[in-house]
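[1] Provide a 3D model corresponding to the input given below.
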Amino acid sequence: MTAPAENPTRRVLLAAPRGYCAGVDRAVIAVEKALEHYGPPVYVRKEIVHNKFVVETLSERGAVFVEETDEVPEGARVVFSAHGVSPAVHAAAAARSLQTIDATCPLVTKVHKEAVRFASDDFDILLIGHDGHEEVEGTAGEAPEHIQVVNSPDAVDDVTVRDPEKVVWLSQTTLSVDETMETVRRLRERFPSLQDPPSDDICYATQNRQVAVKKLAPECDVVVVVGSANSSNSVRLVEVALDAGARTSYRIDRAAELDPAWFEGASTVGVTSGASVPEILVRDVLESLASMGFADVEEVRTATEDLMFSLPRELRADLKAAGKAPARPERGARRSLEVTPR
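    Predicted coordinates:
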């Protein structure tokens with residue numbers, strides 16, 4: 001009689017880096033500190049970061065999320081999200097005498113400054129990004145007469161410029177690195193004199209999370225990406241996992257959305273999270289996977305991140321005036337889990 005086959009080892013490969021980046025940490029802590037210092041309500045234009053759990057948690061503490069500045073009472077305090085805003089939004093806030101805290105990620109601000117600089121030199125700026133995304137709207141608003149958005153490689157054929165010798169490309173910070181470079185390649189075929197940005201626009205955190213997923217995906221039957229549907233970098237991680245060899249990949253907001261049917265016959269599950277996802281949501285996913293038999297967790301690390309940004313200057317000034325030392329973003333949610341490293 002043939003002995004029954006042993007159950008294959010079920011394991012989780014946990015991507016590192018994952019979760020909160022420095023810009024998200026800074027923005028979320030800015031709202032928390034504003035609520036502590038000024039008291040609620042503190043208004044926030046758009047979602048401070050693209051994560052449902054974060055927005056719900058801050059709402060419970062007294063943050064009021066609005067779509068536009070005209071929804072904020074005159075003279076009230078408003079925080080601008082990590083994705084950045086256009087000069088027109090700053091002007092609208094000033095017209096209503098709003099007290100603003102600009103939590104724009106410094107890496108997004110860098111792209112804004114590049115746009116202003118190239119526009120002042122009368123370049124046509126091809127902004128690679130997703131039309132309608134808040135970050136793209138903010139960047140394009142810096143020089144709308146010079147910027148056109150290129151949504152994908154397939155959109156390149158529709159691009160027109162005034163002078164093919166004065167063209168530069170910039171990009172949204174949260175894109176797929178591979179797709180962006182394919183778009184650039186096609187643009188350069190059409191415009192050989194196309195200039196590159198002075199430094200890489202896709203942020204370090206987006207790139208690091210994609211590299212980590214590329215490393216673990218070939219070994220995975222399923223890759224679970226924790227992140228909200230409107231989080232560009234989270235959605236890209238699903239695409240990267242599939243392109244890198246994962247059999248299937250799913251994006252979820254939280255552990256309750258896991259479907260046991262996804263893991264039937266699977267032996268290895270990859271887990272990562274987008275740059276706006278607190279670690280508590282990843283912990284919940286790992287606990288749920290453990291209950292399904294995937295209790296062996298190995299961390300797959302491809303980089304170590306130690307970058308931190310200071311809080312927005314407006315908030316720092318008020319905290320200093322009140323004798324409160326501005327906190328550095330040292331959120332416990334960013335700490336790694338106790339897992340076996342690889």
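[2] Glu219 touches Val12, doesn't it?
    No. Using CB atoms under 8 Å, Glu219 is not in contact with Val12, being 11.1 Å away. All C-beta spots, glycine's among them, are computed from the backbone N, C-alpha and C.
[3] where do the contact lists of those two overlap?
    Shared contacts of Glu219 and Val12 (CB atoms under 8 Å, 6 or more residues apart in numbering): 268, 270.
[4] Name the residue in those two with the higher neighbour count.
    Val12 (23 against 16; other CB atoms under 10 Å).
[5] what about Ser310, distance to Gly293?
    Computed as CB to CB, to the nearest Å, the Ser310 to Gly293 distance reads 45 Å.
[6] ok, now Asp200?
    For Asp200 relative to Gly293 (CB to CB), the value is 41 Å.
[7] what does Ala27 give?
    37 Å.
[8] Give me the more crowded residue out of the two.
    More crowded of Ala27 and Gly293, by other CB under 10 Å: Ala27, with 32 against 15.
[9] Give me the phi and psi for that one.
    phi -70, psi -40 (degrees, to the nearest 10).
[10] That one: what's it in contact with?
    Applying CB under 8 Å, 6+ apart, the residues near Ala27 are 48-49, 79, 81-82, 103, 105.
[11] Of these, which is the nearest to Arg247?
    Distance to Arg247 across the contacts of Ala27 (CB to CB) is lowest for Val49, with 30.2 Å.
[12] if I pick that closest one, what's in contact with it?
    Val49 touches 24, 27-28, 55, 81-82, 276, counting by CB under 8 Å, 6+ apart.
[13] burial of the closest residue to it other than its chain neighbours, as a residue count?
    In space, and not counting its chain neighbours, Val49 is closest to Ser276: 3.9 Å by CB to CB, 6 or more residues apart in numbering. By other CB under 10 Å, 32 other residues sit near Ser276.
[14] Same question for Ser276, what's its three-state structure.
    coil (DSSP: H, G, I helix; E, B strand; the rest coil).
[15] For it, give me its contacts.
    20-21, 24, 49-51, 54, 82, 227-228, 231, 233-234.
[16] mind running it again at 6 Å?
    By CB atoms under 6 Å, 6 or more residues apart in numbering, the contact list for Ser276 reads 24, 49-51, 231.
[17] residues touching Val167, list them.
    With CB under 6 Å, 6+ apart as the criterion, the residues that contact Val167 are 124, 161, 191, 194.
[18] burial of the last one, as a residue count?
    Taking other CB under 10 Å as the criterion, the count of residues near Leu194 is 19.
[19] Arg188 is in contact with that one, correct?
    Yes. Proximity of Leu194 to Arg188 meets the contact threshold set by CB atoms under 6 Å, at 4.9 Å.
[20] can I assume Tyr250 sits in a helix?
    No. Using three-state DSSP, the assignment for Tyr250 is strand, not a helix.
[21] Without its sequence neighbours, what residue ends up closest to it?
    Val224 (5.7 Å).
[22] Specify the beta-bridge partners of that neighbour.
    Legend: beta-bridge partners of Val224 under DSSP bridges are Tyr250, Val271.
[23] My understanding was that it contacts Thr272; is that so?
    No. Counting by CB under 6 Å, Thr272 is not a contact partner of Val224; they are 7.7 Å apart.
[24] just the strands in this protein please.
    Per DSSP state E, the chain carries strands over the ranges 11-16, 42-45, 63-66, 77-80, 99-102, 124-128, 147-150, 167-171, 222-226, 248-252, 268-273, 296-301, 340-341.
[25] any chance of those in TSV, with distance to Val184 and mean pLDDT too?
    What follows is these, written out as TSV (distance: least, CB to CB, whole Å; pLDDT from 0 to 100):
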stretch	distance to Val184	mean pLDDT
strand 11-16	26	98
strand 42-45	31	98
strand 63-66	35	98
strand 77-80	29	98
strand 99-102	30	98
strand 124-128	7	98
strand 147-150	9	98
strand 167-171	6	98
strand 222-226	25	98
strand 248-252	25	98
strand 268-273	25	98
strand 296-301	29	98
strand 340-341	35	40
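[26] Reformat those strands into a markdown table and put distance to Val177 next to each item.
    A markdown table is the format used below for the strands of the chain (distance: least, CB to CB, whole Å):
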| stretch | distance to Val177 |
| --- | --- |
| strand 11-16 | 15 |
| strand 42-45 | 29 |
| strand 63-66 | 30 |
| strand 77-80 | 27 |
| strand 99-102 | 27 |
| strand 124-128 | 11 |
| strand 147-150 | 16 |
| strand 167-171 | 10 |
| strand 222-226 | 16 |
| strand 248-252 | 17 |
| strand 268-273 | 15 |
| strand 296-301 | 18 |
| strand 340-341 | 25 |
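[27] All set, thanks.
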